[in-house]
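In: With the sequence up front, the predicted model follows.
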Amino acid sequence: MGKVAITINGSEVKNIYPAVTIGVSAAASGDAVILFILPAGLPAFKKGAFAELTKKAKHLPNLLEMMEGLKMLDARLLVCELGLGVHDLKVEDLVEGVEIVGATTFVAEAIGSDLTFSF
């Protein structure tokens, strides 16, 4: 078992689906998975946004189901605290299970990752 660190720096289908697909695959393989959502990716993690992204994604799996799989497999969803101010959001506006952290926390958590990805 290894560790996989993924950053998400966009809130479109092209950013979210690859990150979540790799995250689910790694977690299902037994790897520890950390997703770090940067400010540009934060709109995709607002409540209700997964349903909208799924509608836009033709022939791709249901994003909400994939996210539930990530949670069941103990993946961590770290949200950059700067994004809340950038998008005028509060923690309660976001999907359940996210952790609000600074970039230094992500960097510390990502040390020793076997694989890193950025979308």
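Out: Done, it's in.

In: which residues of the chain fall in strands?
Out: In the chain, strands defined by DSSP state E lie at 3-8, 32-37, 76-80, 98-101, 115-118, listed in chain order.

In: Where do the helices of this structure begin and end?
Out: Taking DSSP state H as the test, the helices found in the chain are 13-28, 49-56, 63-72, 82-86, 103-110.

In: Tell me which residues of stretch 102-109 come out buried.
Out: Applying a neighbour-count criterion of 16 or more other Cβ atoms under 10 Å, one finds 106, 109 buried in stretch 102-109. Where you see a C-beta, it was placed from the backbone N, CA and C, and this is true even at glycine.

In: Can you lay out the strands of the chain as JSON lines showing distance to L53 and mean neighbour count?
Out: Shown next, in JSON lines, are the strands of the chain (distance: least, Cβ to Cβ, whole Å; neighbours: other Cβ atoms under 10 Å):
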{"stretch": "strand 3-8", "distance to L53": "12", "mean neighbour count": "22"}
{"stretch": "strand 32-37", "distance to L53": "14", "mean neighbour count": "24"}
{"stretch": "strand 76-80", "distance to L53": "15", "mean neighbour count": "22"}
{"stretch": "strand 98-101", "distance to L53": "16", "mean neighbour count": "16"}
{"stretch": "strand 115-118", "distance to L53": "18", "mean neighbour count": "14"}
